[in-house]
Each structure stands twice: as structure tokens, then as C-alpha cells.
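K.L.:
fold the following, please.
(one chain, ligands or ions: 1)
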Amino acid sequence: MNDSTPFLPVIASRDLDIYNADRRATVPAVAGIAATTPALNPRALDVLDQIENAKRNVPAKVGAFLDHLGSLISEHRDADAVLDFALNALAKAPTECPVHSWCKETGDHHDHSGRTTWAACEDAYGNPVLSAGLIDWGQGVKVGLLDLDLTPGEARGKLAELRTHLDRIEQLISLAEQGATNSATGAEAGR
Ligand SMILES: [Zn+2]
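P.N.:
Numbering: from 1, shown residues only. Alright, predicted model coming up:
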């Protein structure tokens with residue numbers, strides 16, 4: 001206590017200087033704070049922009065990874081280590097599948113998948129309807145449909161059943177239309 005007493009006025013003076021905007025750059029404590037939170041530099045902004053664009057065309061898992069990367073860059077501002085890591089990852093990402101032209105997987109992989117398609121309409125919960133795609137888990141190219149891995153022949157069989165089912169749905173629609181016409185002159189005319 002006795003030893004530190006002579007320095008107290010000096011410490012108090014520096015603390016007060018922190019609140020003096022014109023002298024902030026001359027106060028070591030404030031300069032230290034500024035060094036840990038620099039503004040996003042153009043290179044960091046460019047990488048964040050690339051990440052936003054890349055997220056639109058990649059699987060959800062890759063998008064989540066890119067999101068994490070963006071958070072790191074935003075958190076560390078223009079930290080070179082983070083940027084180098086991001087640029088290396090982006091440079092490696094576009095390597096195409098050497099086995100199947102339809103495969104959307106990139107880099108070193110063994111499970112191939114791609115060309116996923118689904119009905120234009122969604123169900124009531126926003127989920128895709130009747131999604132289908134090509135897959136190859138190492139036993140030849142299969143068609144992924146109804147959560148099944150089907151051979152082309154099996155897929156054609158399912159498709160025939162689905163077409164029959166769609167015809168039945170159309171019959172239901174016709175019945176409903178007849179019901180609407182009948183009720184137009186009945187008790188439910190106002191509905
Ligand atoms: Zn592949």
C-alpha cells in the first residue's frame with residue numbers, strides 16, 4: 001500500500017484520459033483496446049461476401065460450416081489466420097466428383113448423390129413432396145425415392161404405382177367438383 005501510493009495520481013490521470021476523445025490515441029490502454037477490435041478490412045468483407053454467395057448453392061452442412069467461418073471472421077475482424085483458413089477452404093471446395101457427372105459431392109468422398117428433385121408444391125409443413133435423386137453408395141447407381149434405394153427397375157415400378165395413385169386423386173377431385181356443383185343449389189349455396 002505504501003509503495004503504490006506515490007503512483008496513484010498518475011494512474012488516475014491515465015484513466016481520465018480514456019474519456020478524452022481527442023487524446024485517445026495517446027493513451028496506451030485505449031490503443032490496446034483498438035488493436036483487439038479493428039474494423040473489417042476490404043479483404044475480410046470480400047470473403048464474407050463470397051461466403052454469402054457460396055451458401056446459396058451448397059448442402060446445409062456446408063452452409064453451416066461457412067456460417068461458422070463468417071462468425072469467426074466477424075469476431076476476429078481481419079485476423080489473417082482466419083482469412084487464410086477461409087481462402088484455403090474455398091479454394092479446395094470446388095473439386096468435382098471424379099466418378100459421376102451428376103454427383104454434387106466435392107472433395108474426397110465415397111457416397112455419391114445428386115440431381116435431387118421434388119414436386120413444385122410443398123406440404124402443409126413446408127416440407128418437400130416426393131423427393132427423388134440419384135445415389136451410389138458403392139453398389140451401383142440407384143434411385144432414391146420414398147426413402148428407398150431403388151434399382152432403376154424398382155423405381156419404374158414405384159412410379160407406375162404413383163401414377164395410378166395420382167389418377168385416383170384426380171377422381172377424388174372430380175367427385176369434389178361434382179359435390180360443389182350439387183351444393184351450389186342446395187343448403188350450402190352460401191359457402
Ligand atoms: Zn461423387
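K.L.:
any chance you could map the strands in the protein?
P.N.:
Counting by DSSP state E, the chain has strands at residues 112-117, 132-136, 142-145, 148-150.
K.L.:
quick one: those strands as JSON lines, columns for mean pLDDT, distance to residue 55 and mean neighbour count too.
P.N.:
Every C-beta, even on glycine, is put in place using the N, C-alpha and C of the backbone. Formatted as JSON lines, the strands of the chain follow (pLDDT from 0 to 100; distance: least, Cβ to Cβ, whole Å; neighbours: other Cβ atoms under 10 Å):
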{"stretch": "strand 112-117", "mean pLDDT": "96", "distance to residue 55": "18", "mean neighbour count": "15"}
{"stretch": "strand 132-136", "mean pLDDT": "97", "distance to residue 55": "21", "mean neighbour count": "18"}
{"stretch": "strand 142-145", "mean pLDDT": "98", "distance to residue 55": "24", "mean neighbour count": "19"}
{"stretch": "strand 148-150", "mean pLDDT": "97", "distance to residue 55": "29", "mean neighbour count": "15"}
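K.L.:
just list the residues touching residue 87, thanks.
P.N.:
Taking Cβ atoms under 8 Å, 6 or more residues apart in numbering as the contact definition, residue 87 lies against residue 47.
K.L.:
and the gap between the spatially most central residue of the chain and residue 108?
P.N.:
Centroid check for the chain by Cα atoms, centre = their mean gives residue 63 as the closest residue, at 3.3 Å. Noted for residue 63: a distance of 20 Å to residue 108, by Cβ to Cβ, to the nearest Å.
K.L.:
likewise for residue 165?
P.N.:
In terms of Cβ to Cβ, residue 165 sits 41 Å off from residue 108.
K.L.:
quick check: residues of the protein near the ion?
P.N.:
Selection of the chain residues close to the ion by Cβ under 5 Å from the ion yields 97, 103, 105, 112.
K.L.:
ok, and the most crowded of those residues?
P.N.:
Tallying neighbours with other Cβ atoms under 10 Å puts residue 103 at the head of the residues of the chain next to the ion, with 20 neighbours.
K.L.:
please verify my assumption that it contacts residue 116.
P.N.:
No. Residue 103 lies out of contact with residue 116 (Cβ atoms under 8 Å); the separation is 11.3 Å.
K.L.:
give me the mean pLDDT for the longest helix seen in the chain.
P.N.:
The residue-count maximum for a helix in the chain (DSSP state H) belongs to helix 152-184. For helix 152-184, the mean per-residue pLDDT is 92.
K.L.:
list the buried residues for that helix?
P.N.:
residue 155 (16 or more other Cβ atoms under 10 Å).
K.L.:
could you give the angle of it to strand 132-136?
P.N.:
With axes from the mean of the first three to the mean of the last three Cα atoms, to 10 degrees applied, the angle from helix 152-184 to strand 132-136 works out at 170 degrees.
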